[in-house]
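Novice: Return atomic coordinates for the entry below.
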Amino acid sequence: MIVVTGGAGFIGSNIVKALNEKGRNDILIVDNLKNSAKHLNLNRLDFADYIDKTSFFDIFDEIASEIEIVFHQGACSDTMESDGKYMMENNYDYSCALFNNCVQQGIRFIYASSASVYGNGDDGFIEKSECEYPLNVYAFSKYLFDSYVRKFPQVVKTQVVGLRYFNVFGPQENHKGRMASVIRHFFNQYRENKHIKVFEGSTEFKRDFIHVDDVVNVNMHFMENSFLNGIYNCGTGEYRTFADIADVFKKRYTDALVSEIPFPESLVGKYQKYTQADVDKLRSAGYEGEFMSLEDGVNAYLDVLEKTDGYIK
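Specialist: Presented below is the predicted three-dimensional model:
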């Protein structure tokens, strides 16, 4: 059995899709459907069962012997969430409990970390503690869990891998609202009135944008190589700007109007203006996949948005 926490979410549901394509449907999805629209992410997936995250630990010991691997993708990903207690309970405490249970039972554990742990990137984007300086409590929750995992390298006898996702975009992110990718927001704006709004200074906002299919391929690489352990960046290694994305839209939709809007005060000091994954460690772990270019990735996503509003169908 494979467990995917956050399996009704953005990256989690895409992992389930990839597992289905590999012939696996012995999948237990663990999630929280308080946002009931997330069920749409599950409609075309093949899995054995679903359980709410609050009930999962009640049955964990009972089913542990059947679990081969856990993909822990569940988290509150709202970087603007100000309730630190909720964030730490959801992202840190729950992750620690799940990690401990998996380690005790010898279950492989691949989990979602985040490039947000690097903060503004002044010290680089290398998988080292001296490069890390989270700017918000979401990033701190991810940083603290990475630090927790790092404490146990000598006693853990099973695979443990953390993947620091950079700026992921692609199908199945409809439920994310304001935290959806800029591609999703631009598409919604274009569809509404053909008017795309970018923040002032967007030519200076440099991000490592990675299509969700590439993120899934990295996850599959580690699933297929159980001897690999550690924390790895999951990005393309190249940065592009928000203005570059607007240019892709203008080439595809020649009637699109692009204008600038003021940068929100609420994001000042909490917003990464630059991310660029150092992928040396990922490559040294044998990952040879070619990452989609921004142009190919955005256009592939726009194809899905036009046909199905972004859902797997």
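
Novice: Next, the buried residues of the strand or helix carrying K251.
Specialist: Using DSSP states H and E, K251 sits within helix 242-252. By 16 or more other Cβ atoms under 10 Å, the buried positions in helix 242-252 come out as F242, A243, D244, I245, A246, D247, V248, F249. In short, each C-beta sits where N, CA and C put it, glycine included.

Novice: by contact count, what packs against it?
Specialist: Helix 242-252 is packed against helix 182-193, strand 195-199, strand 257-261, helix 294-308, with contacts defined by 3 or more Cβ pairs under 8 Å, 6 or more residues apart in numbering; DSSP states H and E.

Novice: Could you point out which of those sits nearest M87?
Specialist: Proximity to M87 (Cβ to Cβ) singles out helix 182-193 among the helices and strands packed on helix 242-252, at 22.9 Å.

Novice: Give me the contact list for the closest one.
Specialist: 169, 173-174, 176, 195-197, 242, 245-246, 249, 253, 256, 298, 301-302, 305, 310 (Cβ atoms under 8 Å, 6 or more residues apart in numbering).

Novice: Tabulate the buried residues of helix 242-252 (a markdown table), appending pLDDT and distance to F71.
Specialist: A markdown table is the format used below for the buried residues of helix 242-252 (pLDDT from 0 to 100; distance: Cβ to Cβ, whole Å):
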| residue | pLDDT | distance to F71 |
| --- | --- | --- |
| F242 | 91 | 30 |
| A243 | 91 | 34 |
| D244 | 94 | 31 |
| I245 | 96 | 28 |
| A246 | 94 | 33 |
| D247 | 95 | 35 |
| V248 | 97 | 30 |
| F249 | 97 | 32 |
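
Novice: how about those residues in JSON lines, adding distance to G74?
Specialist: Shown next, in JSON lines, are the buried residues of helix 242-252 (distance: Cβ to Cβ, whole Å):
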{"residue": "F242", "distance to G74": "28"}
{"residue": "A243", "distance to G74": "33"}
{"residue": "D244", "distance to G74": "31"}
{"residue": "I245", "distance to G74": "28"}
{"residue": "A246", "distance to G74": "32"}
{"residue": "D247", "distance to G74": "35"}
{"residue": "V248", "distance to G74": "31"}
{"residue": "F249", "distance to G74": "32"}
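
Novice: Generate TSV for the helices and strands packed on helix 242-252, with mean pLDDT, distance to I51 and mean neighbour count as supplementary columns.
Specialist: Shown next, in TSV, are the helices and strands packed on helix 242-252 (pLDDT from 0 to 100; distance: least, Cβ to Cβ, whole Å; neighbours: other Cβ atoms under 10 Å):
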stretch	mean pLDDT	distance to I51	mean neighbour count
helix 182-193	96	28	17
strand 195-199	91	40	17
strand 257-261	90	42	12
helix 294-308	98	27	17
